[in-house]
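Chemist: Output the structure for:
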Amino acid sequence: MTDIYRAAERLMGMQDADWRRHASPWSVWTRFSCLPLMVLAIYARQWIGWWALPLFLLAGAWTWANPRVFPPPADFGSWASRGTLGERIFLARNRYDVAAHHIRVAHVLTALSAIGVLPLIYGLIVLNPWATVLGLVATILPKVWFVDRMVWIHANITNSKPGDPLPDPTLPHERTPT
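Modeler: Next comes the predicted model:
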């Protein structure tokens, strides 16, 4: 399960500047539109046939561009910004003292999200709107909870409170190798 996070990060090709931009609440909240747009494009094949393919490619382009199109926030203290900063810490958890219970919960939430993909795929194959919506919700809700867990990780590692102003998103000091 550990490698899925790094694989996703590599697939997105995120650099430091991209992460700073992705910490914008606009980026975080609009990110939740990516999967529904892809699902809609796939589902639209029943109405518009092959014209759904350009819509799917547009949704894929939006998924890649989303973390890059918004300017970095002036203050990184919001829930959304701290979720992004916490995700960076989580992805580098081998270099930080992330509590084991946070890692366990992140794995469980990722697994729940993956399970939600099953009815989503079924719904898209047979064009069942109820299975599609159920799968979409079952995939996205654990992801929202995952972001909240990343906020906790950020708060624990930085000894800060979510909502407090945070003008600099500098990551905390890494632990000393033993």
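
Chemist: looking at this structure, which helix or strand is least sure?
Modeler: Of all helical and strand segments in the chain, the minimum by mean pLDDT, DSSP states H and E falls on helix 2-12, at a mean of 63.

Chemist: What is the following helix or strand past that one packed up against?
Modeler: For helix 2-12, the following helix or strand on the C-terminal side (DSSP states H and E) is helix 16-22. Helix 16-22 makes packing contacts with helix 25-31, helix 52-69, helix 79-91 when contacts are defined by 3 or more C-beta pairs under 8 Å, 6 or more residues apart in numbering; DSSP states H and E. Bear in mind the C-beta positions are built from the backbone N, C-alpha and C, glycine included.

Chemist: So what touches the helix or strand following the first one?
Modeler: Okay, so that is helix 25-31. From helix 25-31 onward toward the C-terminus, using DSSP H and E, the following helix or strand is helix 34-43. Here helix 34-43 makes contact (C-beta atoms under 8 Å, 6 or more residues apart in numbering) with 52-53, 55-56, 58-60, 62-63, 66, 120, 124, 127, 129, 132, 136, 139-140.

Chemist: Can I have the buried ones of the residues you listed as a PyMOL selection?
Modeler: PyMOL command restricting the contacts of helix 34-43 to the buried ones, with burial defined by 16 or more other C-beta atoms under 10 Å:
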select buried, resi 52+55+56+59+62+63+66+120+124+132+136+139+140
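
Chemist: Count the residues that sit near L35.
Modeler: Burial of L35, expressed as a neighbour count using other C-beta atoms under 10 Å, amounts to 19.

Chemist: what about the longest helix in this structure?
Modeler: In the chain, assigned by DSSP state H, the helix with the most residues is helix 129-158.

Chemist: So which elements touch that helix?
Modeler: helix 34-43, helix 79-91, helix 100-126.
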